[in-house]
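A.B. asks: no sequence on hand, only this structure:
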């Protein structure tokens, strides 16, 4: 690729020449990187795990940049990055090395980040001002109420972590991220029936753990 | 889990896959499958005796051409949007042809009405139409979902619905060669209903079918 030499020959101003050379060099680097990524993905499709791992690691900063541009919360953004990685893995046969790799990658990342934005929007709409309501009802000082809430949240998080993986995944997707069963099924690869059973078992286990089961 | 750990796990789980074909090539393969299936159906049921006469005049020829265009364009659109980086607007591609298809059938109804009066719009039962279009359309849709299985994790519903539309439209073309159904109102009602049923079924059940045939990882 000889982009770098072309602008230098055509422009008269030295400053502009430097700028254009720099731009051309960046474009050349990007082209070279995209070509390398295409080759690595083709190798990954053929089963080369080392090329695949190297490719995903190289793409990680780009995926993070895309997801962070959509999601302010760092944890949500990282979850979206992981959703993207899972989708890339499952849909890796949808890439053809005859086409550029970057648009394929960016499209998947954008899609998964938007899914997160949408599920977050649904969650926020359904949330009630629980802290304020608790404080009013009990008359306790705000700090104590908040401390209790934090403790309860930590206990709940731990209890969810202790669930078997399938139940944890089902609970996170259907109850925490509030996805529809169809979306959760698509995201997890579990059937709708399996999701329902795993969610039911997870809730049962949590109720038993917190002694709220009748 | 850190994303870096996830990458390591995914790489450890890697299996070779066959890359998705170009949409034009996938459409050509699909049309080959459809031609073979409809060819067998024609061999089994036989061409209608008056086919040449029907194609020479009336609304049959434009109707068949519009249905064929709908089937081909819907398939091409399905294979386009099955690729993540392609615009969703590709899904609109078959709509003009589908509109023209229904318009030709509607025009046929008006012509029949001018010729025969209001009786031309009486709609009787034609279960064979539904059975033929659904009977060919559903297995053809399954073939389409298999060809477009790389869309399972991204745009399964629109791909499946377009696949269903393509399969049903092409089955309708096949039916026009075989079945004696002359009244435009009947064609509009029964072909239209059958195409709608297959398209909706494909859009609703297709994604589930695709997931069951496309293992995770």
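C.D. replies: Arrived safely. Note that the structure is predicted; figures quoted are calculated from it, not measured. Residues are numbered from 1 along each chain as shown, chains lettered A, B, ... in the order given.
A.B. asks: OK, contacts around the spatially most central residue of chain B?
C.D. replies: Centroid-nearest residue in chain B, with Cα atoms, centre = their mean: residue B:166, separated by 1.8 Å. The contact partners of residue B:166, taken as Cβ atoms under 8 Å, 6 or more residues apart in numbering or on different chains, are B:30, B:70, B:71, B:72, B:74, B:75, B:78, B:94, B:144. Using the backbone N, CA and C atoms, a C-beta is placed for each residue, glycine as well.
A.B. asks: wait, what's in contact with residue B:79?
C.D. replies: Taking Cβ under 8 Å, 6+ apart, we find residue B:79 in contact with B:23, B:26, B:27, B:30, B:147, B:148.
A.B. asks: and which of the residues you listed is nearest to residue A:38?
C.D. replies: Closest to residue A:38 out of those is residue B:23 (18.5 Å), distances taken as Cβ to Cβ.
A.B. asks: wait, doesn't that closest one sit right on residue B:80?
C.D. replies: Yes. Residue B:23 is within contact range of residue B:80, at 4.8 Å (criterion: Cβ atoms under 8 Å).
A.B. asks: if we can go back for a sec, and the contacts of residue B:79, which of them are in helices?
C.D. replies: Among these, DSSP state H puts B:23, B:26, B:27, B:30, B:147 in helices.
A.B. asks: could you dump the residues you listed into TSV and include pLDDT?
C.D. replies: Shown next, in TSV, are the ones in helices among the contacts of residue B:79 (pLDDT from 0 to 100):
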residue	pLDDT
B:23	94
B:26	95
B:27	96
B:30	94
B:147	92
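A.B. asks: out of those, who's nearest residue A:181?
C.D. replies: Of the ones in helices among the contacts of residue B:79, the one sitting nearest to residue A:181 (Cβ to Cβ) turns out to be residue B:147, at 26.8 Å.
A.B. asks: list phi and psi for residue B:155.
C.D. replies: Main-chain torsions, residue B:155, degrees, to the nearest 10: phi -130, psi 50.
A.B. asks: so what's the residue count around it?
C.D. replies: Residues near residue B:155, counting by other Cβ atoms under 10 Å in any protein chain shown, number 23.
A.B. asks: apart from its neighbours in sequence, what residue is nearest it?
C.D. replies: residue B:81 (5.4 Å; Cβ to Cβ, 6 or more residues apart in numbering or on different chains).
A.B. asks: check contacts around the one you found.
C.D. replies: Here residue B:81 is in contact with B:87, B:88, B:90, B:91, B:151, B:155, B:158, B:159, B:162 (Cβ under 8 Å, 6+ apart).
A.B. asks: filter these down to just the ones in helices.
C.D. replies: B:158, B:159, B:162.
A.B. asks: what kind of secondary structure is the most centrally placed residue in chain A in?
C.D. replies: Nearest to the mean C-alpha position of chain A, by Cα atoms, centre = their mean, lies residue A:80 at 1.2 Å. Assigned by DSSP: H, G, I helix; E, B strand; the rest coil, the conformation of residue A:80 is helix.
A.B. asks: flag every buried residue along the strand or helix carrying residue A:201.
C.D. replies: Using DSSP states H and E, residue A:201 sits in helix A:192-209. For helix A:192-209, burial by neighbour count (16 or more other Cβ atoms under 10 Å in any protein chain shown) applies to A:195, A:196, A:198, A:199, A:201, A:202, A:203, A:205, A:206.
A.B. asks: now stretch B:210-217: average pLDDT?
C.D. replies: Per-region confidence: stretch B:210-217 scores 68 on mean pLDDT.
A.B. asks: contact partners for residue B:148?
C.D. replies: Per Cβ under 8 Å, 6+ apart, neighbours of residue B:148: B:26, B:78, B:79, B:82, B:159, B:160, B:163, B:210.
A.B. asks: not counting its neighbours along the chain, what's nearest it?
C.D. replies: In space, residue B:148 is closest to residue B:82, 4.5 Å off (Cβ to Cβ, 6+ apart).
A.B. asks: try residue A:62
C.D. replies: The nearest residue in space to residue A:62 (Cβ to Cβ, 6+ apart) is residue A:105, at 7.1 Å.
A.B. asks: by contact count, what packs against the host helix or strand of the one you found?
C.D. replies: Of the helices and strands defined by DSSP H and E, residue A:105 is found in helix A:101-126. Applying 3 or more Cβ pairs under 8 Å, 6 or more residues apart in numbering or on different chains; DSSP states H and E, we find helix A:101-126 packed against helix A:14-45, helix A:49-70, helix A:74-90, helix A:181-188.
A.B. asks: what do you get if the cut-off is 7 Å, keeping everything else the same?
C.D. replies: helix A:14-45, helix A:49-70, helix A:74-90 (3 or more Cβ pairs under 7 Å, 6 or more residues apart in numbering or on different chains; DSSP states H and E).
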